[in-house]
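1. The following comprises the amino acid sequence and a computationally predicted model.
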Amino acid sequence: MIEENFSCPKCGSQTEKINEGRTVGTRCPQCGWSVVTTYTQPIDQDVELYEVGIKKIDHPDKNQIKVISNLSGINFLQARKKIKEGGSVLFNMNARQTSSIKAMLIEAGLSPAINPDFKW
Ligand SMILES: [Zn+2]
């Protein structure tokens, strides 16, 4: 972890935090010294596990049923029932998995219901 108030090891000035997309770290505005971690996206640092569900739809189409069937490994009829009732589909998903599932659901025209609040 990089501390909030960190002095530059080169010149002793107060460093500032870097948080630019894929780059996180700290740098010294005086002499340019910096420590950065790249390619670590904040979503990968999210250790929360999510429960992904869907809001109910009265008349799901074939594609929507298929998506839910594939995602949760249930058959067509069970998937249709699941969509009509709404509710949880997958459990213990990490942020990265949750993010791609969310995208799949939205693409299929389903409304994801994610617990706890999903910020990504
Ligand atoms: Zn410095």
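-> Now that the structure is in, tell me what you want to look at.

2. so what strands line up beside the lengthiest strand in the chain?
-> Counting by DSSP state E, the longest strand found in the chain is strand 87-93. Applying DSSP bridges, strand 87-93 is found paired with strand 50-54 (antiparallel).

3. Give the buried residues for the partner strand.
-> Residues of strand 50-54 classed as buried: 50-54 (neighbour count, 16 or more other C-beta atoms under 10 Å). C-betas here are computed from N, CA, C, even on glycine.

4. cool, stretch 41-58 as well?
-> Neighbour counts using 16+ other C-beta under 10 Å place 46, 50-54, 57 of stretch 41-58 among the buried residues.

5. ok, residues contacting the lowest-mean-pLDDT helix or strand in the chain?
-> Among the helices and strands of the chain, strand 34-38 carries the lowest confidence by mean pLDDT, DSSP states H and E, at a mean of 81. With C-beta atoms under 8 Å, 6 or more residues apart in numbering as the test, strand 34-38 has contacts from 2, 18, 22-28.

6. Recalculate using a threshold of 10 Å.
-> With C-beta atoms under 10 Å, 6 or more residues apart in numbering as the contact definition, strand 34-38 has outside contacts at 2, 6, 8-9, 15-16, 18, 20-28.

7. hmm, it touching the ion?
-> No. Figure legend: strand 34-38 not in contact with the ion (C-beta under 5 Å from the ion); closest approach 9.1 Å.

8. sorry, back to before: nearest to Phe91, out of the buried residues of stretch 41-58: which one, please.
-> Closest approach to Phe91 among the buried residues of stretch 41-58 (C-beta to C-beta): Glu51, at 5.1 Å.
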